[in-house]
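1. pasting the sequence and the predicted coordinates here, then a few questions.
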Amino acid sequence: MNVLYKLAISFLLAASFATAQEITVAAAADLSTALPEITAQFKKQTGQDIKLTFGSSGNLTTQIENGAPFDVFFSADEDYPKQLIAAGLADKDTLYRYAVGRLVLWVPTETALDLPKLGIQALLDPSIKKIAIANPQHAPYGRAAEAALKHFGIYDQIADKLVLGENVSQAAQFVESGNAQAGLIALSHALAPAMKGKGQYWTVPLDSYPTLNQAAVVLSRSKQPAAARKFLEFLRSPEATSLLKNYGFGVSAETH
């Protein structure tokens, strides 16, 4: 009886350990401010631990295609999750468009430029020697920045000033640190505590770059599919929606 009791306790402990396993989330770099707060709220309600890995959506997609053991993927471009679904690497029924990202032009406070008046033309000022953007090859915000510059007809004039960050977070770091005098970055970074008060920003018009429809999906290799789905469900909650809005994300209609 004692042996059976010990076995039962062992199974209960094993089950408890399994449910406590953390969810691993691969997330677009523009979420590096909002998502930690959202996961903290989720853990407060459920006790579920979540490990976050941030990067450019394109690079994270490549990692997933190469077998990276993530449970959930948050992309700044919904085409990447759809690409994974087509490859059988993500569950189609979990695809959720959680937000629309916004692009801004950010300059440090000490920059004597009238951004509200100049807008994107501020980048032509001689004081702007380097302009930080995310790498357009694999970062949706980089492609958005490039598109906006071409839309306003100034790309060729400033192309040699561009400094490419691995992702939009790194582009924000370049301009925040002074290694660039201006940056086309995510509104979520401009509103982050680390950058608030250190500069000014101009919101790039939505019609000047492809819409940054952002979507999340549970990955087929997930070892915690139930918990992963529960976390995505939490994204629809008023708490999560409010946090996304606080960081400048437009809340989009759900899509499948």
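-> Nice, thanks for sending it over.

2. so Trp202: helix, strand or coil?
-> Three-state call for Trp202 (DSSP: H, G, I helix; E, B strand; the rest coil): strand.

3. distance check, it against Gly88.
-> 42 Å (Cβ to Cβ, to the nearest Å). C-beta here means a position set from N, CA and C on the backbone, and glycine is covered the same way.

4. of those two, who's got more company?
-> Using other Cβ atoms under 10 Å, the more surrounded residue of Trp202 and Gly88 is Trp202, with 20 against 9.

5. which residues does that one bridge with?
-> For Trp202, the beta-bridge partners are Leu105 (DSSP bridges).

6. any weak-confidence spans in the chain?
-> 1-20, 252-256 (pLDDT under 70).

7. what's the domain layout of it?
-> Structural domains annotated on the chain: 2-100+212-246, 103-203, as defined by automatic domain parsing.

8. run the chain-centre distance for the first one.
-> If I follow you right, that is domain 2-100+212-246. Domain 2-100+212-246 has its C-alpha centroid displaced from the chain centroid by 13 Å (Cα atoms, centre = their mean, to the nearest Å).

9. give me the three-state assignment for Ser214.
-> Careful, residue 214 is Gln; it's not Ser. Classification of Gln214 by three-state DSSP places it in strand.

10. please enumerate the helices of the chain.
-> For the chain, the helices defined by DSSP state H occupy 2-20, 34-46, 57-65, 79-86, 115-118, 140-151, 155-158, 168-177, 187-190, 225-234, 238-246.
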